[in-house]
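Return a 3D structure for these sequence lines:
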Amino acid sequence: MTSKSFSLEIITPCFCAGADPAKAEIRAPSIRGQLRWWFRVLGGFKALPGDVRSQEALVFGSVAGDLGRAGQLITRVANTNLQTSVKDCAQLGHQPFSASAYLTFPIQSRTRNGQTTEYNGRGVIDSGTFELQTIWKGNPEFSTSIEALISIFGNLGSLGFRGRRAMGALAFGSQPPMPLLEALKFFHKADSLIIKKMAAGSPSDAISKLGAWLKSCRAHGRTGQNATEKQSPYFSYAKRDHDIGYGIADNQTAFRPALGLPIIQRTQRGTNNWELSSQAQKGRFASPVLLRPHQSQNQFLGLVIFVESRKWPEGTPAYMGRQQVAVSLDLYEAMKNDPSLKPF
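Down below sits the predicted model:
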């Protein structure tokens, strides 16, 4: 049995409330779920025998069939020192129509005539640290692989609502178990991650810059107010999707569904709901583009992580109501090759 302890810091607002939406907290099951996700994305450990499914059952446990089994990895949270509050988008300092607010729009409260009509504040960890304790009950020779997984989680992971959009980002409060690029070598499918970077002066600056970049890639803007968006090399993609929703496009192939569904498009004629299915159980498609403020030794970056193993399946349509729409990966590919992003 191998026990380890890792100090982690919350570097961007973390909306990780549980049953009580006003009470933010760090929970070991949430961390375990994140570790499991990264393990799957990266195809399992090179050091362990078997395919990723059998490895996952060994490391995290399984309830498949009649023969449930406990995992060999135990995670615990201890020594939390967290500053919590209840905030909405504006109270975070993300003013309407700003680049930051583009990433946290579901937390924006509704106002009319200067009065708040619907408050969307949620429990948030503004900052703080906690200790992640792991116990590996399996073969000790595989404990280094577990440390590699923790390193990836601490460098690239997040916790809570809007975690794919720069919220709940993490950093190691002390020396990480190993450098990120070294940790990736422990996995079968390290090449499923394409990591790009942009310079930033702080975590909040990284949020703003990442938000501005994503908005430039997929925002059409409001009628008469989209002069800035039109300057973006990605505007033609957003315009096509906009025109499909208005029924005026000469080509019915869309781009933005490949960046995540559902999409709510408000038009003068009503609201279009872009979904993964036309059936009652709509489902959703989680974005394969992750935005991560990154901190290492007081140096800050904005990371854009393209998760190739979770990208849109080619040939799969999206649905605008009951209308089937073809989906292209051209916008996703263009974003991967954006010259403003540098290799990490």
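
which residue is nearest the centroid of this protein?
Closest to where the C-alpha atoms of the chain average out (Cα atoms, centre = their mean) is residue 164, at 1.5 Å.

Which stretches in the stretch 1-150 of the chain count as strands?
Taking DSSP state E, counting those that start in this stretch as the test, the strands found in the stretch 1-150 of the chain are 2-10, 61-62, 69-70, 73-87, 110-112, 115-118, 122-136.

Adding distance to residue 38, write the ones you listed out as JSON lines.
Any C-beta I mention is one placed from the backbone N, CA and C, and that applies to glycine too. Written out in JSON lines, the entries for the strands of the stretch 1-150 of the chain read as follows (distance: least, Cβ to Cβ, whole Å):
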{"stretch": "strand 2-10", "distance to residue 38": "14"}
{"stretch": "strand 61-62", "distance to residue 38": "16"}
{"stretch": "strand 69-70", "distance to residue 38": "21"}
{"stretch": "strand 73-87", "distance to residue 38": "13"}
{"stretch": "strand 110-112", "distance to residue 38": "36"}
{"stretch": "strand 115-118", "distance to residue 38": "35"}
{"stretch": "strand 122-136", "distance to residue 38": "14"}
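
Highest mean neighbour count out of the ones you listed?
Using mean count of other Cβ atoms under 10 Å, the stretch among the strands of the stretch 1-150 of the chain with the largest mean neighbour count is strand 122-136, at a mean of 20.

what angle separates that strand from strand 2-10?
Following axes from the mean of the first three to the mean of the last three Cα atoms, to 10 degrees, one obtains 160 degrees for the angle between strand 122-136 and strand 2-10.

Pull out the CA atoms of strand 122-136 and give them to me as CSV.
Below are the C-alpha coordinates for strand 122-136, written out as CSV (Å, rounded to 0.1, in the frame of the first residue of the first chain):
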residue,chain,number,x,y,z
ARG,A,122,-24.1,30.0,-6.9
GLY,A,123,-21.9,28.8,-4.2
VAL,A,124,-18.3,29.4,-5.3
ILE,A,125,-14.8,28.8,-4.0
ASP,A,126,-13.1,32.1,-4.7
SER,A,127,-9.7,30.8,-3.7
GLY,A,128,-7.9,28.5,-1.3
THR,A,129,-6.0,25.2,-1.0
PHE,A,130,-6.7,21.6,-0.1
GLU,A,131,-4.8,18.4,0.3
LEU,A,132,-5.5,15.4,-1.9
GLN,A,133,-4.5,12.2,-0.2
THR,A,134,-4.2,9.0,-2.3
ILE,A,135,-3.8,5.4,-1.2
TRP,A,136,-2.8,2.9,-3.8
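
any residues touching stretch 239-254, and which ones?
With contact meaning Cβ atoms under 8 Å, 6 or more residues apart in numbering, stretch 239-254 is reached by 220, 255-256, 265, 267, 269, 272, 274, 318, 320, 325-328.

what's the farthest-apart pair in these?
269 and 328 (24.8 Å; Cβ to Cβ).

Who has more neighbours out of these two?
Shown here are residue 269 and residue 328; by other Cβ atoms under 10 Å, residue 328 has more neighbours (17 against 9).

Quick check: the more buried one touching residue 256?
No: here residue 328 lies out of contact with residue 256, judged by Cβ atoms under 8 Å, at a distance of 10.0 Å.

Tell me the residues that contact both of the two, please.
Residues touching both residue 328 and residue 256 do not exist when contact is defined as Cβ under 8 Å, 6+ apart.

show me what contacts the residue nearest to the centre of the chain?
Neighbours of residue 164 in contact, by Cβ under 8 Å, 6+ apart: 158, 260, 286-287, 289-291.

For it, give me the pLDDT.
Looking at residue 164, its pLDDT stands at 97.

residue contacts, residue 308?
Residues counted as contacts of residue 308 (Cβ under 8 Å, 6+ apart) are 191-194, 288.

mind running it again at 7 Å?
Counting by Cβ atoms under 7 Å, 6 or more residues apart in numbering, residue 308 makes contact with 192, 194.

now it: how far from residue 283?
In this view, residue 308 and residue 283 are 21 Å apart by Cβ to Cβ, to the nearest Å.

Ok, residue 9 next?
35 Å.

and residue 116, what are its bridge partners?
The bridge-partner assignment for residue 116, based on DSSP bridges, gives residue 111.
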